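Q: With the input below, show me the fold.
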Amino acid sequence: MFRSFLMSLLLLLPASLHAACTGSDLRLTLTGDEQAARKAMLAGVPYATGNHWRAEKDGKTIHLVGTMHVGDPRLDAPVARLTPLVEHAGMLLLEMTRAEEADLQTAISQDPTMLTLTGPTLPEMLPEEAWQALATAATDRGIPAFMAAKFQPWYLSMMLATPPCAMSQLKGKAGLDMKLQDVADAAGVRTRALEPFDTVFRLFNSEPIEDQLEMLRTGVLDTQTAEDQFATLFDAYFDEAHADTWVISRLIARRALPEAPEEVDAMMEETEAQLLDARNRAWIPVLLQASAETEAPVVAAFGAAHLSGTGGVLNLLAEAGFTLTREAF
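A: Below is the predicted model of the structure:
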């Protein structure tokens, strides 16, 4: 069920990798039927665009910023515009602060099963032909086959969602989240995590191994298709069209998967409910508590996919009585 979500996780990778990759924006290649489906789906999405919104209620202000978690030169201008906002904030909330990142690294070192299998390896659980295809795809991305064999299927799927052309450039780039934390740290602004550091890992690892293996078997794309998906999702981010990234992921999944469109849509909706909507609802009390603790505005920066939709953070705040205003990003 997570394969389509992993497509959308390309949003978390740096668009600067376009220099090395040659993918094309798939939004320009949609058929007439796909364009009609895209338009219909977007029409029902609250707060479908905009990477920066202001929420206000009873004299309290919360700024919501949709992020990418890894760096790109095009983020320099948004960082410059957001810097004064963060410097004068009462608190900065992030999905994961640097403290939580350190806790995560410690947890993985102490419990490798967060990423690796404890029982049979992937070659033992998959047909030989399927494993050989996965091993080749992993090697193309700089992951030795003997290491890939021991990864949790969801984690290997995430690695294989990245085009080979991008793998060598993924390290050492600070995303918008960490750039804003740097601003907050320099200004003495408190930071706080929206959720426990292992939240996403627990969600992925709770998925039945059979479902993870099915996702893995269907998840290896040819290089050009992977690069096209890569380009599409990042171009949409910088267009501030975060809802479009999810819609395009759904349309791409309909193309790529053997299931009927309604089955693909059901998988996407289940994924959205668990990995986006449920977390969004859990974040609202954290946002409200942070706002109650300070007279100054609160800034919350998190993955752009969490902004839009009926279960998105923006709509949940609107339902709680906040007035929403789109701001410059």
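Q: pull the CA atoms of the longest strand seen in the chain into CSV?
A: For the chain, the strand reaching the highest residue count under DSSP state E is reported as strand 60-67. The C-alpha coordinates for strand 60-67 follow below in CSV (Å, rounded to 0.1, in the frame of the first residue of the first chain):
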residue,chain,number,x,y,z
LYS,A,60,-2.9,34.2,18.3
THR,A,61,-0.9,33.6,15.1
ILE,A,62,0.6,30.5,13.7
HIS,A,63,2.6,30.5,10.4
LEU,A,64,2.5,27.2,8.5
VAL,A,65,5.3,26.5,6.1
GLY,A,66,5.5,23.6,3.7
THR,A,67,9.0,22.3,3.3
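Q: where does the protein dip in pLDDT?
A: Residue ranges of the chain with pLDDT under 70: 1-20, 70-71, 166-173, 218-222.
Q: got the residue ranges for the strands in the stretch 1-150 of the chain?
A: Using DSSP state E, counting those that start in this stretch, the strands of the stretch 1-150 of the chain run over 52-57, 60-67, 91-94.
Q: just checking, what packs against the longest strand of the chain?
A: Strand 60-67 makes packing contacts with strand 52-57, helix 176-187, helix 278-292, strand 298-303, helix 313-319 when contacts are defined by 3 or more C-beta pairs under 8 Å, 6 or more residues apart in numbering; DSSP states H and E. Quick note: C-beta positions are derived from backbone N, CA and C, even for glycine.
Q: Report the inter-axis angle for the longest one versus strand 298-303.
A: For the pair helix 278-292 and strand 298-303, the angle between their directions (axes from the mean of the first three to the mean of the last three C-alpha atoms, to 10 degrees) equals 160 degrees.
Q: before we move on, what about the second one?
A: With the same axes, to 10 degrees defining the directions, helix 176-187 sits at 150 degrees from strand 298-303.
Q: tell me which residues in helix 176-187 are buried?
A: Going by neighbour count (16 or more other C-beta atoms under 10 Å), the buried part of helix 176-187 is 176-181, 183-184.
Q: Indicate which one of the helices and strands packed on strand 60-67 is closest to Glu327.
A: strand 52-57 (4.4 Å; C-beta to C-beta).
Q: what secondary structure does Glu272 sit in?
A: Of the three states, Glu272 takes helix under DSSP: H, G, I helix; E, B strand; the rest coil.
Q: What is the burial count for it?
A: Using other C-beta atoms under 10 Å, Glu272 has 21 neighbouring residues.
Q: Thanks a lot, catch you later.
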